[in-house]
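>>> Build the 3D model from these lines:
(one chain, ligands or ions: 2)
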Amino acid sequence: MKIGIVGAGFVGSTAAYAMVMRGVGSEIVLVDRNGELADAQARDILHATPFAYPTKIRAGSYADLDGAGLVVLAAGVNQKPGETRLELLTRNAEIFGGIIPEVLKAAPQTILLVATNPVDVMTQISTVIAARHGVPTCRVIGSGTILDTARYRALLGQHLGVSPKSVHAHVLGEHGDSEVLHWSNAEAGGLNVAVVGEQVGRPLTEAVKARIDDEVRCVAYRIIKGKGATWYGIGGGLARLAQVIANDERALVTCSMLTDSCLGVPQVALSLPRLLGAAGIISTLTPELDEAEAAALRRSAEVLKSAFDGVKL
Ligand SMILES: NC(=O)C1=CN([C@@H]2O[C@H](COP(=O)(O)OP(=O)(O)OC[C@H]3O[C@@H](n4cnc5c(N)ncnc54)[C@H](O)[C@@H]3O)[C@@H](O)[C@H]2O)C=CC1
Ligand SMILES: CC(=O)C(=O)O
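Ligands and ions are numbered 1, 2, ... in the order given. Sure, this is the predicted structure:
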């Protein structure tokens, strides 16, 4: 599959690198308004191909996205220290208004995978713009909480002393401050993580749960304070989503998509467990939530809906 990446900064270039290291895609084209940057990133990543997979990678223009089955959108501004994702909205919405028609002119059949923040609202904006070009909703995907879910699994695995790959736990709702860690259904080895914690002698006390919640929800602010931006986690997550699509895996992932109704909130893009394959999102699962989780998810949906409703399109 040919993959395009628009935005060759930290996120776009790391996604390309992670795809090459995983052998995802036969050809990758990097597009950026800073052509020199895109070219430099492509050349640097090309030099890693002998250690990974023989992916063809180069910089190009929008026209070079012709035939791409997937285009990752990672262009736009990122957060400065202390800034929330939602504060990026006006600037990035304007940028997407210019980018998406160009992408779809070259690759009308492509799946769009949005990474730019605030990713859920940007996914909803992309869905509206893409629909004007005949693209169905299921082909506009936001990376959503793929990253937060990875953070959650990594921290749970670290606490329990088990591989994060054996931990099945999800973050739902916004990729951002109002996100919801789904504790009541988090499991490892077929058991609830609370039971696993007791059995391995590493109980998930309220204090431990609060620490994990805070780290998942707030770690991006800490990383941005320390190194200016985040890129490895999301780069890995975007490569994984691209792999699922390229291989038609029908994997269940938490990612964002415009959703008809979430707990009574209509027409909102947010993350839920979604079945993903070559045609995009095939279906959505309704999670079993306790009362507090359901209330938190509804609040998260309301935050996103009200942010989207404030956008002029
Ligand atoms: N969804 C997620 O989990 C995550 C999302 N992000 C978001 O990803 C986005 C990109 O972040 P970084 O890569 O760190 O930023 P960056 O500044 O390193 O890269 C952004 C790139 O977009 C390019 N660009 C800007 N306007 C453009 C246009 N009109 N056409 C083509 N290219 C354009 C810039 O030249 C720049 O190279 C931000 O919105 C950031 O908040 C970052 C981390 C995680
Ligand atoms: C920046 C961002 O969205 C993250 O690392 O979660």
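
>>> Look up the residues forming beta bridges with residue 257.
Legend: beta-bridge partners of residue 257 under DSSP bridges are residue 270.

>>> who are the neighbours in contact with it?
With contact set as C-beta atoms under 8 Å, 6 or more residues apart in numbering, residue 257 has these partners: 123, 127, 137, 138, 140, 141, 142, 144, 269, 274, 281, 284. In short, each C-beta sits where N, CA and C put it, glycine included.

>>> Near ligand 1, list only the ones from those residues.
Subset of these in contact with ligand 1: empty, counting by C-beta under 6 Å from any ligand atom.

>>> Just those residues: which are in helices?
Among these, the ones falling in helices (DSSP state H) are 123, 127.

>>> Buried among the contacts of residue 257? Need that as a selection in ChimeraX.
The following ChimeraX line selects those of the contacts of residue 257 that are buried, judged by 16 or more other C-beta atoms under 10 Å:
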select :123,127,137,138,140,141,142,144,269,274,281,284
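
>>> so which of the contacts of residue 257 would you say is closest to residue 72?
Using C-beta to C-beta, residue 141 comes nearest to residue 72 of the contacts of residue 257, at 9.9 Å.

>>> Quick check: beta-bridge partners of the closest one?
The partner residues for residue 141, given DSSP bridges, come to residue 113.

>>> and residue 76, what helix or strand is that in?
Assigned by DSSP states H and E, residue 76 belongs to no helix or strand.

>>> Surely it and residue 91 touch.
Yes: under the criterion of C-beta atoms under 8 Å, residue 76 makes contact with residue 91 at 6.8 Å.

>>> Settle it for me: which of those two has more neighbours?
residue 76 (21 against 11; other C-beta atoms under 10 Å).

>>> Contact residues of the chain facing ligand 1?
So the chain meets ligand 1 at 6-12, 32-34, 37, 74-79, 88, 92, 95, 98-99, 115-117, 119, 143, 147, 175, 229-230, 234 (C-beta under 6 Å from any ligand atom).

>>> Which ones among those lie within helices?
Using DSSP H, these in helices are 10, 11, 12, 37, 92, 95, 98, 99, 119, 147, 234.

>>> List the contacts of the first one.
Contact criterion C-beta under 8 Å, 6+ apart gives 78, 229, 230, 231 as the residues in contact with residue 10.

>>> among the residues of the chain next to ligand 1, which ones are buried?
Among the residues of the chain next to ligand 1, those buried by neighbour count (16+ other C-beta under 10 Å) are 6-12, 32, 37, 74-76, 78-79, 88, 92, 95, 99, 115-117, 119, 143, 147, 175, 230, 234.

>>> Show the backbone phi and psi for residue 173.
Taking degrees, to the nearest 10, you get phi 90, psi -140 for the backbone angles of residue 173.

>>> returning to what we had before: mind putting the ones in helices among the residues of the chain next to ligand 1 into CSV with pLDDT?
Shown next, in CSV, are those (pLDDT from 0 to 100):
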residue, pLDDT
10, 98
11, 98
12, 99
37, 98
92, 97
95, 97
98, 97
99, 98
119, 98
147, 98
234, 98
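
>>> restrict the residues you listed to those near ligand 2?
Here is what survives when those are matched to ligand 2 using C-beta under 6 Å from any ligand atom: residue 147.

>>> out of everything not next to it in sequence, what's closest to the residue of the chain found nearest ligand 1?
Relative to ligand 1, the nearest point of the chain is residue 9 (1.8 Å; C-beta to the nearest ligand atom). Closest residue to residue 9 apart from its sequence neighbours, by C-beta to C-beta, 6 or more residues apart in numbering: residue 74 at 6.9 Å.

>>> Spit out the contact partners of that neighbour.
Contacts of residue 74 by C-beta under 8 Å, 6+ apart are 5, 6, 7, 8, 9, 11, 12, 15, 115, 116, 238.

>>> Let me know the helix or strand that residue 304 is in.
Once you assign secondary structure using DSSP H and E, residue 304 falls within helix 291-309.

>>> Pull out the buried positions in that helix.
Here helix 291-309 shows 293, 296-305, 307-308 as buried, counting by 16+ other C-beta under 10 Å.

>>> Would you mind measuring from the residue nearest in space to the middle of the chain to residue 234?
The chain has residue 143 as the residue nearest its centroid, 1.7 Å off, counting by C-alpha atoms, centre = their mean. According to C-beta to C-beta, to the nearest Å, residue 143 stands 7 Å off from residue 234.

>>> between the two, what contacts are shared?
The contact lists of residue 143 and residue 234 share residue 115, where a contact means C-beta under 8 Å, 6+ apart.
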